[in-house]
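# show me the folded form of this:
(2 chains)
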Amino acid sequence: MQGRFSLSELQVIIRDSLYLALPDFYWVIGEISEIKQNYSGHCYLELIEKQTDEIKIKARIRAVIWGSRYGFIKSFFENATGETLKEGLKVLLKGKIEYHELYGLSLVITDIDPSFTLGEMAARRMQIIRRLEDEGVFGMNRELEIPLVPQRVAVISSRTAAGYSDFMDQLRTNNYGYVYYTALFDAVMQGSETEQSIINAMNRIASSAEMFDVVVIIRGGGSQTDLSWFDNYNIAYYVTQFPLPVITGIGHEKDLSVTDMVACKPLKTPTAVANFLVECINTTENHLIEMGTDIKTLTLGVLDEFKERLDRSKNIISPLTRIMISDFRKSLSDVSIEILNLGKDKIHRARLIIANHKSKLESESKSLNSNKDVYIESLKSGIITKTRDLLKRNREKVFTMGTSLNILNPENILKRGYTITSLNGRILKDSELISIDDTIETKFSDGKISSKVTGKYDKK
Amino acid sequence: MAKKEFSFNDSLLKIEEILRNIESGELDVDKLSAEVKKASELIKLCQKKLRTTEEEINSIFRDLS
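Numbers count the residues shown, from 1 in each chain, chains lettered A, B, ... in the order given. As a prediction, this is how the structure comes out:
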């Protein structure tokens, strides 16, 4: 019979050998490639070990966590890591091999070591971080400044996520009445589609980036979070390269995902993101109000200062002016007294002059009047004597002229022996006008004769 | 687009400038009142901007998402 077993005999041998060969319990490292809980609460998994290329599978085994244990293991793991047991996680499990004649080989898990997974996750995350740092992009989004008024918000989230509606409610009902413009870019926020879905959303936002002030990546609310989907190189890289500041609210109390690390402002929950946006605007508005108050205070201060300066000048000017006015008044009165005196003096003098002139005039006109009488009298007598003289002289002249006339009368001259010779009726005074043989006429007092010229003789 | 319209940041800068000018005491009284008026108008505009919905932006945002 050696070398021939019934099926059940063979199975018994295998089972016994396994039990003999292995300790009661041991720790096994594996990666969860499948996990599901059935209706009775038992959890069935498939664990694998990959080759160093992380693609090809080197080993595979089925595993189970009985329902009585699964509740404890699940919550223990989640509490410790913030992660759910899911595909792709590397885990360290305590259990033993059970071999069932009907169902075959299976690893029955009784415990889990979350610190191993944490270490694994941390190591993976470190790898991503180091890569981003090596590429020099790690801090790029964090260097962007969140605008003073982040009013236009691009939201990457799932439309149905509780976190999204929390976020929207919080923004809408903000205490200050600020208006926000939000556009939702719907994306899958967990599971294997997360990466591509979020990158697609970011590409759509980037194509109209000028429309937005910030990008918000939110999810969460309700179920325990699944952070490791955001420990993703591609999502993180996109965030670093994004032209707008990215604010995350992907919800994790204990640790940050790589996406959070590279985001401009990582916050824990969608509500926290909404509050932050409200706070940003409120800070800006407070600054505005403060400036308004400062301007008011300063302006009043400046005006006060001007008023003070004015008052000061007034205080200086006023006594000065009083002094000046009294000085001026004094000099004015001095001058007026002077003028008055001068005027009096002038008037006095003028009066004297006038009086002087008056008396002079009076005396002069008096003497002038008496002189006039004398003058007229003398004129009168002068005229009379002069007329008399003139008459006398004229009379004498007439008399003399009468005697002269008597002497000159040719009749009287003829009587005295003189004659008048004439030629052709003209009286001759010159002998040269007479030629020989002219007949001349000679008048006498008692008649005339004519005679013929016979000879001419000079006076000599 | 809409660049010529009201800009929150420019307004803030302008208000800050006015504040600085008043602080420095370089503003003369003649300009003071005009500048203070301008600043208060800008502050009002900014505050209005934070609370008034612009339907135009809203509709653009509806199209984008």
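# surely A:Phe306 touches B:Asp30?
No. Here A:Phe306 does not reach B:Asp30: they are 11.3 Å apart, not a contact under CB atoms under 8 Å. Just so you know, the C-beta spots here come from the backbone N, C-alpha and C atoms, and that holds for glycine as well.
# ok, whichever residue of chain B sits closest to chain A - contacts?
Across chain B, no residue is closer to chain A than B:Ser65, which sits at 3.8 Å (CB to the nearest CB). B:Ser65 is in contact with A:183-186, counting by CB atoms under 8 Å, 6 or more residues apart in numbering or on different chains.
# need those residues in TSV (columns: pLDDT, distance to A:Lys415 and neighbour count).
Listed next are the contacts of B:Ser65 as TSV, based on pLDDT from 0 to 100; distance: CB to CB, whole Å; neighbours: other CB atoms under 10 Å in any protein chain shown:
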residue	pLDDT	distance to A:Lys415	neighbour count
A:Ala183	94	176	21
A:Leu184	95	181	20
A:Phe185	95	181	22
A:Asp186	94	186	18
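# show me what from the stretch 1-150 of chain A comes close to chain B.
Residues of the stretch 1-150 of chain A lying close to chain B (CB under 8 Å from any CB of the partner chain) are A:148-149.
# for the stretch 1-150 of chain A, which segments count as strands?
Secondary structure of the stretch 1-150 of chain A (DSSP state E, counting those that start in this stretch): strands at A:26-37, A:43-50, A:57-65, A:90-100, A:104-112.
# show me which parts of the first one are buried, residue by residue.
The one in question is strand A:26-37. Residues of strand A:26-37 classed as buried: A:28, A:30-33, A:35 (neighbour count, 16 or more other CB atoms under 10 Å in any protein chain shown).
# please apply the same query to the second one.
Judged by neighbour count (16+ other CB under 10 Å), strand A:43-50 contains these buried residues: A:43, A:45-47.
# now the last one
Under the neighbour-count criterion of 16+ other CB under 10 Å, strand A:104-112 has A:106-107, A:109, A:112 buried.
# of those, which is the nearest to A:Ile199?
Ranked by distance to A:Ile199 (CB to CB), those are led by A:Ile112 at 32.5 Å.
# am I right that A:Lys443 is in a strand?
Yes. Counting by DSSP: H, G, I helix; E, B strand; the rest coil, A:Lys443 is part of a strand.
# dump the residue contacts of the residue nearest the centre of chain A.
Centroid check for chain A by CA atoms, centre = their mean gives A:Ile295 as the closest residue, at 16.1 Å. Neighbouring residues of A:Ile295 by CB under 8 Å, 6+ apart: B:15, B:18-19, B:22, B:36, B:39-40.
# among the residues you listed, which ones are in strands?
In this view, the contacts of A:Ile295 have no member that belongs to strands under DSSP state E.
# returning to what we had before: okay if I get the buried residues of strand A:43-50 as CSV plus pLDDT?
Putting these into CSV (pLDDT from 0 to 100) gives the following:
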residue, pLDDT
A:Cys43, 95
A:Leu45, 95
A:Glu46, 95
A:Leu47, 95
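# partners of the residue lying closest to A:Leu47 once chain neighbours are set aside in the sheet?
In space, not counting the residues next to it along the chain, A:Leu47 is nearest to A:Gly30; the distance is 3.4 Å by CB to CB, 6 or more residues apart in numbering or on different chains. Counting by DSSP bridges, A:Gly30 forms beta bridges with A:Val91.
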